[in-house]
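Colleague: Provided below for reference: sequence and predicted model.
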Number of protein chains: 4
Amino acid sequence: MANARLRLADARLVLEAALGKADEIGQPMNVAVVDGGGHLLAFARQDGAILGSIDIAVRKARTAVLMAMTTEQLGVSAAPGGPLYGIEVTNGGLVIFGGGIPLTGQDGEVAGAIGVSAGTVEQDVAVATAGAETFSADGPAQPSG
Amino acid sequence: MANARLRLADARLVLEAALGKADEIGQPMNVAVVDGGGHLLAFARQDGAILGSIDIAVRKARTAVLMAMTTEQLGVSAAPGGPLYGIEVTNGGLVIFGGGIPLTGQDGEVAGAIGVSAGTVEQDVAVATAGAETFSADGPAQPSG
Amino acid sequence: MANARLRLADARLVLEAALGKADEIGQPMNVAVVDGGGHLLAFARQDGAILGSIDIAVRKARTAVLMAMTTEQLGVSAAPGGPLYGIEVTNGGLVIFGGGIPLTGQDGEVAGAIGVSAGTVEQDVAVATAGAETFSADGPAQPSG
Amino acid sequence: MANARLRLADARLVLEAALGKADEIGQPMNVAVVDGGGHLLAFARQDGAILGSIDIAVRKARTAVLMAMTTEQLGVSAAPGGPLYGIEVTNGGLVIFGGGIPLTGQDGEVAGAIGVSAGTVEQDVAVATAGAETFSADGPAQPSG
């Protein structure tokens, strides 16, 4: 894949895969997909997902792009005693628990990220993973022609 | 329609109608749909839509809910010499030009709003109107059973 | 009256007088009363008052205390060409149209303010005036004993 | 109870019950009641309650709506080592200690919340509980007719 720029078509595939997983496990979710600049591309809140998780889902995706790692990985470093303790107050507020996963292109660049929130952290991670795996498998949509 | 609560299914119909209109006029757009509390339900940014309009689209939708009028109508009152001149600095930042339209249920209550941004204001209004008309025509999705 | 400190009992008299006036004119309102430091003392949102006016009501009251004048008076100076043009972006956001009125004690000090929003500016001013007049007439509640 | 929308009459019953409890324990309090979208409906600050708790009371109520749980419950998950450690920097600032309690309608939906602050956390919880119990007992006010 030459072009790491995330398109709406990519974002929507990722979003739908995540929403499908949420339906499968029976937990309504907020799902956000951002591009490689951390800017929102696609979002959906399923009926019943808590309101506070709208912001958290978007922030998880943004955090994963800004730090180029999962929010779960960041959480390990940001824990009390960890080397990045306190980092969550930077960048207008980062999220340091699981549910944000970078979408990495075949060129190894971070093309975007997915953020999921509203369930347990384990459920959030499972749903975000389902979305991210769709991207890894298919890569970004190819420009036509 | 008894239930003015906006559901994801409603929001997605509105979103798709707006995106279709944007395709039709050939102007990539940011489209946001919020519920009656101003909270995001669905969002999409079409390829090529400017980044600054992500926030503007969401804010237009939120403004339309908070003020229970279109952002175009608010803009008339908020113009220099108008009765609400300066209102845009309240509520964390309102938008006072066209592109935000309330979604009003058959009970007359504001069930949510659509916000569109990235084209000319005229284009934004046309695309937001296409989304809002879909809602007026169909009303919110009926709960099953 | 020796004590210009606004008490909850004072604030509630002002609030109720304003709510009564709002009922009388048939326009549901957001009404806020702040103390002489601009800090919220009492608030009520009547059923049907628009959501965006919660923040505006509180901000009108706070503006009236901070500037020691009505928001209507401030609006004259803050209009294009006026000496305070642009002042609304200071202090985290001021309101420069009518509906905020200082509550002035018998010692001439600003003891607090009332802010009203959700109707036309004329209605907001009428309701805020009804609240403020109650205070002027009665003054702050006397400490017992 | 068919209608989970919180009305001012509901909010005031909750507020008064909380203020009464505060009087009973002799600790002046800030008490806020918000609707199901997290928007302020009613507020009172008792004479002597600290100023910093105005914002905390409102934020506790908002947090309880956004997360659909008490702030005390959220605090357990948000503690160091907990699954939601760091969540307080999201949503513009959440409160992760006791004193915010959702008001849940008979339909199981979060209709709003009460937030109380100014005493010890134990006192805040006791006062918020007194307010919330009034709601559970009576439910939202019924529309007339």
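Modeller: That came in fine, so what should we check first?

Colleague: Tell me how far the spatially most central residue of chain A lies from residue D:67.
Modeller: Geometric centre of chain A, nearest residue: residue A:114, 1.8 Å, by CA atoms, centre = their mean. Distance of residue A:114 to residue D:67, computed by CB to CB, to the nearest Å: 21 Å. For the C-beta atoms, the positions are set from N, CA and C on the backbone; glycine is no exception.

Colleague: What of residue A:12?
Modeller: Residue A:12 is 28 Å from residue D:67, by CB to CB.

Colleague: check contacts around the residue nearest to the centre of chain A.
Modeller: Going by CB atoms under 8 Å, 6 or more residues apart in numbering or on different chains, residue A:114 touches A:14-15, A:18, A:31-33, A:61, A:64, A:100-101, A:103, A:128, A:131-132, A:135.

Colleague: tell me which parts of chain A are close to chain D?
Modeller: A:50-52, A:55-56, A:59, A:75, A:78-80, A:88-89, A:93-97, A:120-121 (CB under 8 Å from any CB of the partner chain).

Colleague: change it to 6 Å
Modeller: Listed as neighbours of chain D in chain A under the rule CB under 6 Å from any CB of the partner chain: A:50-52, A:55-56, A:59, A:80, A:88-89, A:93, A:96-97, A:121.

Colleague: What is the nearest of those residues to chain B?
Modeller: residue A:51 (5.2 Å; CB to the nearest CB).

Colleague: and residue A:58, what element?
Modeller: Using DSSP states H and E, the element containing residue A:58 is helix A:52-67.

Colleague: returning to what we had before: residue A:12 and residue D:67: who's more crowded?
Modeller: residue D:67 (29 against 16; other CB atoms under 10 Å in any protein chain shown).

Colleague: How far off centre is stretch A:73-84?
Modeller: 19 Å (CA atoms, centre = their mean, to the nearest Å).

Colleague: ok, now stretch A:5-22?
Modeller: 10 Å.

Colleague: now stretch A:39-53
Modeller: 12 Å.

Colleague: Tell me if it is near chain B.
Modeller: Yes: judged by CB under 6 Å from any CB, stretch A:39-53 and chain B are in contact via A:39-47, A:51.

Colleague: Residue A:33 - that's part of a strand, no?
Modeller: Yes: with DSSP: H, G, I helix; E, B strand; the rest coil as the criterion, residue A:33 is part of a strand.

Colleague: Okay, angle between the longest strand belonging to chain A and helix A:52-67 too, please.
Modeller: If you go by DSSP state E, chain A has its longest strand at strand A:110-117. Computed with axes from the mean of the first three to the mean of the last three CA atoms, to 10 degrees, the direction of strand A:110-117 lies at 160 degrees from that of helix A:52-67.

Colleague: what's the closest non-adjacent residue to the closest residue to chain D within chain A?
Modeller: Using CB to the nearest CB, the closest approach of chain A to chain D is made by residue A:52 at 3.1 Å. Sequence neighbours aside, residue D:66 is the residue nearest to residue A:52 in space, at 3.1 Å (criterion: CB to CB, 6 or more residues apart in numbering or on different chains).

Colleague: State the distance spanning the first to the last residue of stretch A:109-128.
Modeller: 19 Å (CA to CA, to the nearest Å).

Colleague: That stretch - what's its average pLDDT?
Modeller: For stretch A:109-128, mean pLDDT is 97.

Colleague: Pull out the buried positions in that stretch.
Modeller: Buried residues in stretch A:109-128, counted by 16 or more other CB atoms under 10 Å in any protein chain shown: A:110-119, A:121, A:123-128.

Colleague: ok, now stretch A:55-68?
Modeller: So stretch A:55-68, judged by 16+ other CB under 10 Å, has buried residues A:55-67.

Colleague: Can you say which helix or strand has the nearest residue to residue A:98 once chain neighbours are set aside in it?
Modeller: Once flanking residues are discounted, residue A:98 sits nearest to residue A:72: 3.6 Å by CB to CB, 6+ apart. Per DSSP H and E: residue A:72 is located in helix A:71-78.

Colleague: Identify the residues contacting residue A:15.
Modeller: Contact partners of residue A:15, counting by CB atoms under 6 Å, 6 or more residues apart in numbering or on different chains, are A:31, A:33, A:42.

Colleague: does the last one count as helix, strand or coil?
Modeller: This points to residue A:42. strand.

Colleague: Can you report how many residues lie near residue A:85?
Modeller: 13.

Colleague: Surely it is within a strand?
Modeller: No: under three-state DSSP, residue A:85 falls outside any strand and is assigned coil.

Colleague: Tell me, what's the model's pLDDT at it?
Modeller: 97.

Colleague: State the distance from residue A:10 to chain B.
Modeller: Using CB to the nearest CB, to the nearest Å, residue A:10 is found at 10 Å from chain B.

Colleague: Let me see the contact set for the closest residue to chain C within chain A.
Modeller: Nearest residue of chain A to chain C (CB to the nearest CB) works out as residue A:51 at 14.1 Å. Residues in contact with residue A:51, defined by CB under 6 Å, 6+ apart, are B:39, D:66.

Colleague: which phi and psi does it have?
Modeller: The phi and psi torsions at residue A:51 (degrees, to the nearest 10) take the values phi -70, psi -30.

Colleague: Count the residues that sit near the closest residue to residue A:78 other than its chain neighbours.
Modeller: Counting by CB to CB, 6+ apart, the nearest residue to residue A:78 once its immediate chain neighbours are dropped is residue A:96, at 4.2 Å. Residue A:96 sits with 28 neighbouring residues when counted by other CB under 10 Å.

Colleague: I figured residue A:96 hits residue A:76, correct?
Modeller: No: counting by CB atoms under 6 Å, residue A:96 stays clear of residue A:76, with 8.8 Å between them.

Colleague: shaky segments in chain A?
Modeller: By pLDDT under 70, the weakly predicted segments of chain A are A:1-4, A:138-145.

Colleague: go with 50
Modeller: By pLDDT under 50, the weakly predicted segments of chain A are A:1-3, A:143-145.

Colleague: What is the burial count for the residue nearest to residue A:87 when sequence neighbours are not counted?
Modeller: Leaving aside its sequence neighbours, residue A:87 sits nearest to residue A:78 (CB to CB, 6+ apart; 5.0 Å). Residue A:78 has 22 neighbouring residues, counting by other CB under 10 Å.

Colleague: how about residue A:57, what does it touch?
Modeller: By CB under 6 Å, 6+ apart, the residues touching residue A:57 are A:30, A:32, A:115-117.

Colleague: residue contacts, residue A:53?
Modeller: Contacts of residue A:53 (CB under 6 Å, 6+ apart): A:30, A:117-118.

Colleague: Among these, which one lies nearest to residue D:24?
Modeller: Nearest to residue D:24 out of the contacts of residue A:53 is residue A:118 (CB to CB; 38.0 Å).

Colleague: Go ahead and confirm the closest one touches residue A:29.
Modeller: Yes: using CB under 6 Å, residue A:118 is in contact with residue A:29, at 4.7 Å.

Colleague: what is in contact with those two at once?
Modeller: Contacts common to residue A:118 and residue A:29, judged by CB under 6 Å, 6+ apart, are residue A:49.

Colleague: can you count the residues close to whichever residue of chain A sits closest to chain B?
Modeller: Here the residue of chain A nearest chain B is residue A:43; by CB to the nearest CB that distance is 4.0 Å. Residue A:43: 27 surrounding residues under other CB under 10 Å.
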